[in-house]
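[1] Below are the sequence and a predicted model for it; my questions follow.
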Amino acid sequence: MNLKLDLVLQFGRFPNAAAHRTVLRRARVASWIEPALRHPGEIAVRIVGEDEGRALNLQYRGKDYATNVLTFEYAHDAWVEADLVLCGPVVEREAREQGKALEEHYAHLLVHGALHAQGYDHETNERDALEMETLEILLLGSLGFKNPY
């Protein structure tokens with residue numbers, strides 16, 4: 001797909017952030033997100049530490065823990081606008097626990113977040129969850145990654 005993606009990539013401060021910066025080069029992140037987009041758009045990706053991740057999850061979802069990815073969707077019809085916030089330490093821990101490379105887990109979560117930014121939802125019902133998971137598997141396969149589930 002030759003969609004136009006205006007990508008902003010930001011890093012907060014957290015232990016081992018340098019390793020995350022190495023994996024998450026702007027061009028690589030764009031190459032993972034863009035295939036998941038139906039429309040052009042602007043997405044800001046921020047990699048944060050556990051304190052910031054926990055505070056955002058508590059403020060916006062009422063859950064008092066740092067989660068792997070939060071999606072803030074602003075528009076998705078003809079133009080996609082969203083912020084994706086990923087908690088670096090959580091992503092790193094999950095990748096290790098799942099026996100995945102850090103880049104593989106980031107690719108999955110960025111595709112997952114990009115789908116959420118376009119209105120896909122896996123929490124509402126099983127049919128929507130199956131559709132979203134199927135898209136994730138297909139998109140990640142096209143990027144050279146194995147089934148994340």
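    Sure thing, it's come through.
[2] quick one: buried residues of the lengthiest helix in the chain?
    In the chain, assigned by DSSP state H, the helix with the most residues is helix 126-142. Across helix 126-142, burial judged by 16 or more other CB atoms under 10 Å covers 132-133, 136-137, 139-140. C-beta coordinates here come from the backbone N, C-alpha and C atoms, glycine included.
[3] got it, and stretch 110-125?
    Buried, per 16+ other CB under 10 Å, within stretch 110-125: 110-118, 120, 122.
[4] what's the answer for stretch 57-71, then?
    So for stretch 57-71, counting by 16+ other CB under 10 Å, buried means 57, 66, 68-71.
[5] my guess is Val111 meets Ser31, correct?
    No. Contact criterion CB atoms under 8 Å: Val111 and Ser31 do not qualify, at 10.9 Å.
[6] Mutual contacts of these two, please.
    Leu143 (CB atoms under 8 Å, 6 or more residues apart in numbering).
[7] so where do the strands sit in the chain?
    5-11, 41-48, 69-75, 80-87 (DSSP state E).
[8] which residues does Arg54 contact?
    Neighbouring residues of Arg54 by CB under 8 Å, 6+ apart: 64-66.
[9] Please identify which of these is nearest to Arg21.
    Ala66 (19.0 Å; CB to CB).
[10] Ala30 is in contact with Leu7, isn't it?
    Yes. Counting by CB under 8 Å, Ala30 does reach Leu7; the two are 4.9 Å apart.
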